[in-house]
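> Build me a structure from this.
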Amino acid sequence: IPYSIPQLDNGTTEYVRHPGDLVSDGRTHVNIEGFQSGLGCVNSWGRLPLPEYRMPYKDYEFRFLLKPVTGGR
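Next comes the predicted model:
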């Protein structure tokens, strides 16, 4: 994406950005995540996900490989 994480979210609840407010910083930012916990919002935003969708606290490991794209492919 053309925006850095701090441009999208500075960690405060008052910081709300709309797509029209964002200005590209001229770079491409890649965010690689190995795991994702479920969404809260079962009956209210800010609630924890249901137990079966939570990720227990432990060490996790994942691997990925980035390969350059050449020749217009």
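> and the gap between Ile1 and Val30?
8 Å (CB to CB, to the nearest Å). Glycine gets a C-beta too; all of them are placed from N, C-alpha and C.
> For the two, indicate the residue with more neighbours.
Ile1 (13 against 7; other CB atoms under 10 Å).
> and the nearest residue to the more buried one once chain neighbours are set aside, what does it touch?
Nearest non-adjacent residue to Ile1, counting by CB to CB, 6 or more residues apart in numbering: His29, 5.4 Å away. When contacts are counted by CB atoms under 8 Å, 6 or more residues apart in numbering, His29 touches 1-5.
> quick one, strands of the chain?
In the chain, no strands are defined using DSSP state E.
> what stretches of it score poorly on pLDDT?
Along the chain, the parts satisfying pLDDT under 70 run over 14-16, 40-42, 44-45, 72-73.
> And the residue nearest to Ile1, how close does it get to Gln7?
9 Å.
> mind listing what the residue nearest to Gly26 when sequence neighbours are not counted touches?
In space, and not counting its chain neighbours, Gly26 is closest to Pro2: 7.7 Å by CB to CB, 6+ apart. With contacts defined as CB under 8 Å, 6+ apart, Pro2 is in contact with 24-29.
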